[in-house]
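Colleague: predicted model follows, preceded by the sequence.
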Amino acid sequence: MTINTQTDSHEFDRIISTTSPGLLAKLTPNLPEDYLSQLKKLKSMGAVVLILSLKHALTNKHYWINLPKADGFPFLILAEHTNFINPKHYGGDHIVYCGDYLEADHPYFEMTKEELYAKFLPFLSKFNSDFNESWLKDSWLFKELYAQPVPFVNHSQNIPPLKTPMEGLFWASMSHVYPWDRGTNYAVEIGRRVAREAVNEI
Ligand SMILES: Cc1cc2nc3c(=O)[nH]c(=O)nc-3n(C[C@H](O)[C@H](O)[C@H](O)COP(=O)(O)OP(=O)(O)OC[C@H]3O[C@@H](n4cnc5c(N)ncnc54)[C@H](O)[C@@H]3O)c2cc1C
């Protein structure tokens, strides 16, 4: 089958796509209508993650803290990664991950790193009253609209097959993970499964 880029076109025996259902539908609009409508039925949530590198440890040896958003916390998860992996592997920095799972139209997706940091910052002193802005060494912001598939009732019957109706095109994604929640182990398992199917077709 052929992949067309803006400047070029390439021929392949088999193609394995690992994108979100939405992106697959956008990249291959000539998939049959019933398959495209199956893709649109697969729901998911996005994620926004602000990673901070700090001069000092923030929490008292806690790795992962789930936060009650109903109590006003502006994010859902605070994970102090360097309470799990020694800070010596990060040049002595303390790495803190502030994460949230959100609907695609949430205002966080439009906000800059500086805007989100200003929103999250006042809450960091709830974990350590000594915390102040001088502790911050660096920060990184990651946003992803397809981060967490949300399975509804009868999801198992709505999972599209790995082999798409388009000759030579296979698709493997987080939405194929069932009956477990998505995770890297299942990504490896599905990766092997789709590779086997693609090779067997040649
Ligand atoms: C915030 C967060 C926390 C998580 N925490 C955990 C955890 O603690 N433990 C765990 O096991 N799992 C965790 N997961 C889930 C885990 O990351 C996923 O299950 C896994 O990465 C899925 O693998 P994948 O190969 O299907 O997708 P991905 O790893 O997303 O790979 C898809 C690939 O497709 C590429 N791609 C996208 N568009 C295109 C394009 N147009 N052309 C070419 N390539 C493209 C992307 O760049 C990407 O490399 C977490 C996920 C999120 C979002």
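Modeller: Thanks, I have the structure now.
Colleague: C-alpha only now, for contacts and for neighbours.
Modeller: Will do.
Colleague: so out of everything in the chain, what residue is nearest the ligand?
Modeller: Using C-alpha to the nearest ligand atom, the single residue of the chain nearest to the ligand is residue 183, 3.3 Å away.
Colleague: in which helix or strand would I find residue 143?
Modeller: strand 136-150 (DSSP states H and E).
Colleague: meant to ask about residue 44, not that
Modeller: Applying DSSP H and E, one finds residue 44 within strand 43-54.
Colleague: run the chain-centre distance for that strand.
Modeller: Relative to its parent chain, strand 43-54 has a centroid offset of 8 Å by C-alpha atoms, centre = their mean, to the nearest Å.
Colleague: same thing with stretch 12-31?
Modeller: Worked out by C-alpha atoms, centre = their mean, stretch 12-31 lies 18 Å from the chain centre.
Colleague: flag the shaky bits of the chain, pLDDT-wise.
Modeller: Along the chain, the model assigns pLDDT under 70 to residues 202.
Colleague: up against the ligand, what does it have?
Modeller: Applying C-alpha under 6 Å from any ligand atom, we find that the chain lies next to the ligand at 18-19, 47, 147, 173-174, 182-185, 187.
Colleague: separation between residue 173 and residue 74?
Modeller: 29 Å (C-alpha to C-alpha, to the nearest Å).
Colleague: check contacts around the residue nearest to the spatial centre of the chain.
Modeller: Ranked by distance to the mean C-alpha position of the chain (C-alpha atoms, centre = their mean), the top residue is residue 147 at 3.2 Å. Residue 147 sits next to 44-47, 101 when contact means C-alpha atoms under 8 Å, 6 or more residues apart in numbering.
Colleague: distance of it from residue 180?
Modeller: 15 Å.
Colleague: name the residues of the longest helix along the chain that are buried.
Modeller: The longest helix of the chain (DSSP state H) is helix 184-200. Of the residues in helix 184-200, 186-187, 190-191, 194-195, 198 count as buried by neighbour count, 16 or more other C-alpha atoms under 10 Å.
Colleague: pretty sure residue 57 sits against residue 86.
Modeller: No: the criterion here is C-alpha atoms under 8 Å, and residue 57 misses it with residue 86 at 11.2 Å.
Colleague: now for residue 110, how many residues are close by?
Modeller: 11 (other C-alpha atoms under 10 Å).
Colleague: quick one, domains of this protein?
Modeller: Following automatic domain parsing, one finds the domains of the chain at 2-42+160-173, 45-148.
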